[in-house]
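Asks: no sequence on this one, just coordinates:
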């Protein structure tokens, strides 16, 4: 397993563990409120720890970083809203369509792993059975679009800005977007235990996003996008163990397919040095 792959897998596990730990908070302050609290703490902590300076960025860098912040806010808020209405594994499987789209767009000559992952997503969501909350599905699809944009922008910002300085700007922007959309209605009702829990979840979020940015410096977006096929599997397992959301046989089959796609993605996709052609996933 390459270092980029290891970072991506660790990031996925951290994201899903944080989301599972957020379920109780969602019950108390709503899915959107929980998303805002996580983003706000993550943004504040990054500003304190990294302390980015304006001279570290060009105008173009700042534009890309701002867009990354908007995509991050959209992916986080919409996915948390989906989790409030759908099982964790189902919401994660639908959201995976974003990374899958990135993988297909970047690697059109080798579609076997995205196709395998897509089949797994269908088995995880079982759309032919119906019963899924339509609004939850729409939220998850919106999160998928934002996640696809997040992957592309994270690699762009990570390539242009040293260390985690880009993340230290994009995350506060994401927190600002969340504050403007859902923050005011949540802030007045917060208790001290909820604030503390939000801080812990914010730490998990910034760790996960930091690892993803480092992973995308080492992997192509196609490899990273297909590797994200593992995330619905992790979500399904965490949902079963932590939230008692037990999958059926179709879910188990879906997990098998997405894991196969994730393993396939690790066979290629390491980024080559600057100036050399990008290696596609096979």
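Replies: Yep, that arrived. What you see is a predicted model; the values in this text were computed from it and never measured.

Asks: how far away is residue 257 from residue 111?
Replies: According to Cβ to Cβ, to the nearest Å, residue 257 stands 14 Å off from residue 111. Heads up, the C-betas are built off the backbone N, CA and C, glycines and all.

Asks: Compare these two and say which is more crowded by neighbours.
Replies: residue 257 (22 against 12; other Cβ atoms under 10 Å).

Asks: How about the more buried one, nearest residue that isn't a chain neighbour?
Replies: Leaving aside its sequence neighbours, residue 257 sits nearest to residue 120 (Cβ to Cβ, 6 or more residues apart in numbering; 3.2 Å).

Asks: immediately after the helix or strand encompassing residue 11, which helix or strand?
Replies: Element membership for residue 11, per DSSP states H and E: helix 3-29. Per DSSP H and E, the first helix or strand lying C-terminal to helix 3-29 is helix 31-50.

Asks: Which strands and helices lie in contact with that following helix?
Replies: helix 3-29, helix 59-83, helix 165-181, helix 183-187, helix 192-216 (3 or more Cβ pairs under 8 Å, 6 or more residues apart in numbering; DSSP states H and E).

Asks: List the buried residues of the first one.
Replies: For helix 3-29, the buried set under the neighbour-count rule, 16 or more other Cβ atoms under 10 Å, comprises 4-5, 7-20, 22-23, 25-26, 29.

Asks: Residue 140 and residue 96 touch, don't they?
Replies: No. At 9.4 Å, residue 140 does not count as touching residue 96 under the criterion of Cβ atoms under 8 Å.

Asks: more neighbours, those two?
Replies: residue 96 (32 against 29).

Asks: what pLDDT does the more buried one get?
Replies: Residue 96 is assigned 81 on the pLDDT scale.

Asks: Can you report how many residues lie near the closest residue to it other than its chain neighbours?
Replies: Take residue 96 and drop its neighbours on the chain: the residue closest to it by Cβ to Cβ, 6+ apart is residue 232, 5.4 Å away. Counted with other Cβ under 10 Å, the neighbours of residue 232 add up to 33.

Asks: Could you pull up the contacting residues of residue 232?
Replies: Going by Cβ atoms under 8 Å, 6 or more residues apart in numbering, residue 232 touches 89, 92, 93, 96, 120, 121, 124, 254, 255, 258.

Asks: rerun at 7 Å
Replies: Residue 232 makes contact with 89, 92, 93, 96, 121, 124, 258, according to Cβ atoms under 7 Å, 6 or more residues apart in numbering.

Asks: Appreciated, that's everything.
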